[in-house]
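Q: What shape does this take:
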Amino acid sequence: VVAHSLGLSGMLPFLVAGTRSKKSWIARHSCLKVIQQISILSKTSILPYLQDFLTCITNCITDEDNYKVRTMAFLSLSAVSESSYPFGQEMFKEVLPKIWDVVSSAKGKLLIASLKSFGSISRLLDLESVNFYASKLSRTIINEFECHDADLKRAIIGLLRQLSMRRALDTEFWRNKVYPKFIENFWVKEVIDDRRSVPLLLQTTKSISDIIGVHEVLTTLVNLMKSEQEIIRKTVVVSVKMIISSPIMPIVELTTIGDILMDSLLFAFQEQTDCDLTISKTIAIFLNTIKWGASNLHSNLGSLILWS
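A: Just a heads-up that it's a prediction; the model follows:
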């Protein structure tokens with residue numbers, strides 16, 4: 001509010017001085033929080049002051065006195081990069097080497113904040129730079145797949161979503177190193193129970209299917225559709241719907257697993273305990289997509305309708 005009243009130019013000297021304070025970590029932390037909130041509220045209006053904001057943040061990213069200051073610095077960096085999109089690429093490229101040492105050794109909340117910031121910055125970078133840093137970060141990410149911290153899991157899914165949407169890293173790496181462990185560790189009830197994680201999980205799965213192929217992803221998902229947990233079955237159905245609704249959906253890949261997919265959809269339909277229309281709509285989209293290409297699907301669907 002004060003920044004909007006005085007103007008960012010009037011607030012900037014105070015923020016610069018605050019982030020350089022040696023007497024109080026609370027002053028540094030508070031000024032970083034102000035930068036974060038200004039970025040969220042002002043959006044691209046921060047562009048004339050982007051270099052100054054980044055200078056304030058990088059001064060605190062390597063703060064040796066308090067990890068809370070370093071964590072807040074990364075969260076501020078994430079907010080600034082999101083508000084700057086799609087501008088400021090060169091400025092953020094200069095910042096990355098300075099923060100890399102912190103990112104590669106971070107743990108806990110600091111790791112969560114650093115992953116968020118890298119995911120936000122990756123949208124601004126050229127693909128070559130994204131690949132360079134993503135390949136260095138990939139081992140850290142994969143090692144944390146098995147963690148039980150809900151916030152860290154959400155941060156990892158969010159980063160995977162950004163990287164997969166950018167088509168960073170090669171296809172074989174996604175297929176062999178990322179996807180199997182992604183399914184094993186994220187398509188589980190504890191993640192799906194978290195409402196904030198589900199949209200990220202669905203979007204990431206869709207983006208990965210665009211990289212490694214629809215057939216491979218759907219083959220895995222049809223098995224999950226027969227889970228004993230209804231919430232998992234419903235979420236898988238939503239994911240399948242997102243994938244097969246794509247306008248660039250390869251019909252040949254879908255037809256090859258048509259029988260198995262229909263069988264799993266019908267199982268989920270029969271086992272549901274409420275009147276959710278998601279499964280019915282997904283079946284309709286699937287049949288419309290393959291143009292009723294598999295004749296034996298007719299009898300399966302007809303039998304279900306007859307005995308329902």
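Q: show me where pLDDT drops low in this protein?
A: 1-2, 4-5, 252, 291-308 (pLDDT under 70).
Q: what residue is smack in the middle of it?
A: Central residue of the chain (Cα atoms, centre = their mean): Gly158, 2.0 Å from the mean position.
Q: Now do the contacts for that residue.
A: Contact analysis of Gly158 by Cβ atoms under 8 Å, 6 or more residues apart in numbering lists 115-116, 119, 200. All C-beta spots, glycine's among them, are computed from the backbone N, C-alpha and C.
Q: What is the helix or strand containing His29 packed up against?
A: For His29, the host element (DSSP states H and E) is helix 25-42. With contacts taken as 3 or more Cβ pairs under 8 Å, 6 or more residues apart in numbering; DSSP states H and E, helix 25-42 sits against helix 2-6, helix 8-19, helix 50-61, helix 67-84.
Q: re the thing from before, can you lay out the contacts of Gly158 as a markdown table showing secondary structure and distance to Ile99?
A: Formatted as a markdown table, these follow (DSSP: H, G, I helix; E, B strand; the rest coil; distance: Cβ to Cβ, whole Å):
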| residue | secondary structure | distance to Ile99 |
| --- | --- | --- |
| Leu115 | helix | 12 |
| Lys116 | helix | 12 |
| Gly119 | helix | 13 |
| Leu200 | helix | 23 |
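Q: the strands in the chain, which residues?
A: Using DSSP state E, the chain contains no strands.
Q: Could you count how many residues lie near the nearest residue to Ser129 once chain neighbours are set aside?
A: Counting by Cβ to Cβ, 6 or more residues apart in numbering, Lys93 is the residue found nearest to Ser129 once chain neighbours are left out, at 6.1 Å. Neighbours of Lys93 under the rule other Cβ atoms under 10 Å: 14.
Q: Test my guess that Lys93 contacts Val130.
A: No - look at Lys93 against Val130 with Cβ atoms under 8 Å: they stay out of range, at 10.6 Å.
Q: Extract the CA atoms of the helix holding His29 and return them as CSV.
A: In CSV, the C-alpha atoms belonging to helix 25-42 read as follows (Å, rounded to 0.1, in the frame of the first residue of the first chain):
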residue,chain,number,x,y,z
TRP,A,25,17.9,-10.4,9.9
ILE,A,26,14.3,-9.4,10.5
ALA,A,27,14.8,-6.2,8.6
ARG,A,28,16.3,-8.2,5.6
HIS,A,29,13.5,-10.7,5.8
SER,A,30,10.8,-8.0,6.0
CYS,A,31,12.2,-6.1,3.0
LEU,A,32,12.3,-9.2,0.9
LYS,A,33,8.7,-9.9,1.9
VAL,A,34,7.8,-6.4,0.7
ILE,A,35,9.5,-7.0,-2.6
GLN,A,36,7.5,-10.3,-3.0
GLN,A,37,4.2,-8.6,-2.3
ILE,A,38,5.0,-5.6,-4.5
SER,A,39,5.8,-8.1,-7.4
ILE,A,40,2.5,-10.0,-6.8
LEU,A,41,0.4,-6.8,-6.8
SER,A,42,2.2,-4.7,-9.4
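Q: which among the contacts of Gly158 gets closest to Gln162?
A: Gly119 (4.1 Å; Cβ to Cβ).
Q: and that closest one, what is it in contact with?
A: Counting by Cβ under 8 Å, 6+ apart, Gly119 makes contact with 78, 155, 158-159, 161-163.
Q: Any chance of CSV for these, columns distance to Arg175?
A: Formatted as CSV, the contacts of Gly119 follow (distance: Cβ to Cβ, whole Å):
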residue, distance to Arg175
Ser78, 29
Ala155, 23
Gly158, 21
Leu159, 18
Arg161, 17
Gln162, 19
Leu163, 14
